[in-house]
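Trainee: The sequence isn't on hand, but the structure is:
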């Protein structure tokens, strides 16, 4: 999946080469917060009659990552990768038996479109949509398979020009995926739709500033 994302961005850059003056390439690093809006499990059914209620999910955590952006005036294509340090919120009834060590990788390729540009001001508001991957790791997930899932990503953001080649950005994005892991013993857990919310603050540097 990561290779596909890189290939898509590479193709966009190659196709944009003949346009040069109309295309701007941007690099940005970001920090922010990660907030899971759903639990990973509501219940686990080791047999068909006695479900065990778990309500187990990630805790909120810090997020860091980067973006590569190719801009065509109001339209842009962007690759994003972020890593969240978010342990599990383990119920007290199983806290002695289950490690809460966990983290999560979020990556996507998105299309951005400026829906508002302030006149005589370097401010723009944009919407984004695309697809990517959500991959979970850590001691708890070592006992599971299928912990990397395809995801849809939707968001909005604000971009403010600080200089011709430097911009401040604030982004909100929702990664939507279906979590349906398997135990290594072969047991299949019920699938559950996940919403991973991220809010980021970034500095974007344009490698080809507009004239």
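Mentor: Okay, I see it. Just so we're clear, the structure is a prediction, and the values are computed from it rather than from any experiment.
Trainee: got a list of contacts for stretch 180-187?
Mentor: Contacts to stretch 180-187, defined as CB atoms under 8 Å, 6 or more residues apart in numbering, come from residues 46, 141, 143-147, 149, 188-192. From N, CA and C alone the C-beta is placed, and that goes for glycine too.
Trainee: what's the first-to-last distance across that stretch?
Mentor: Stretch 180-187 has an end-to-end distance of 11 Å (CA to CA, to the nearest Å).
Trainee: picking up where we left off before, from the contacts of stretch 180-187, keep the buried residues only.
Mentor: 141, 147, 149, 189, 192 (16 or more other CB atoms under 10 Å).
Trainee: was I right about the last one contacting residue 38?
Mentor: Yes - at 6.9 Å, residue 192 counts as touching residue 38 under the criterion of CB atoms under 8 Å.
Trainee: hang on, the earlier thing: now render the buried ones among the contacts of stretch 180-187 as TSV, adding distance to residue 55.
Mentor: Formatted as TSV, these follow (distance: CB to CB, whole Å):
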residue	distance to residue 55
141	18
147	19
149	20
189	14
192	11
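Trainee: So which of the residues you listed is the closest to residue 129?
Mentor: Nearest to residue 129, judged by CB to CB, of these is residue 149 at 17.8 Å.
Trainee: show me what contacts the closest residue to that closest one other than its chain neighbours?
Mentor: Nearest non-adjacent residue to residue 149, counting by CB to CB, 6 or more residues apart in numbering: residue 177, 4.2 Å away. Residues in contact with residue 177 (CB under 8 Å, 6+ apart) are 134, 149-152, 193-194, 196.
Trainee: any idea of the mean pLDDT for stretch 24-35?
Mentor: Average pLDDT, stretch 24-35: 97.
Trainee: actually stretch 97-112, not the one I wrote
Mentor: On average, stretch 97-112 scores 92.
Trainee: cool, stretch 65-73 as well?
Mentor: 96.
Trainee: Also stretch 165-177?
Mentor: 97.
Trainee: can you pull out the strands in the protein?
Mentor: 23-36, 41-44, 52-58, 61-72, 75-85, 88-89, 103-117, 123-137, 144-145, 148-163, 166-179, 182-183, 192-206 (DSSP state E).
Trainee: and these, which is most packed in?
Mentor: Of the strands of the chain, the one with the most neighbours on average (mean count of other CB atoms under 10 Å) is strand 75-85, at a mean of 20.
Trainee: Can you list the strands that that strand pairs with?
Mentor: Strand 75-85 sits in its sheet next to strand 61-72 (antiparallel), strand 103-117 (antiparallel), going by DSSP bridges.
Trainee: Would you mind putting those strands into JSON lines with distance to residue 201 alongside?
Mentor: Listed next are the strands paired with strand 75-85 as JSON lines, based on distance: least, CB to CB, whole Å:
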{"stretch": "strand 61-72", "distance to residue 201": "10"}
{"stretch": "strand 103-117", "distance to residue 201": "16"}
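Trainee: Quote the end-to-end distance of stretch 140-157.
Mentor: 34 Å.
Trainee: actually stretch 154-171, not the one I wrote
Mentor: Start-to-end, stretch 154-171 (CA to CA) is 11 Å.
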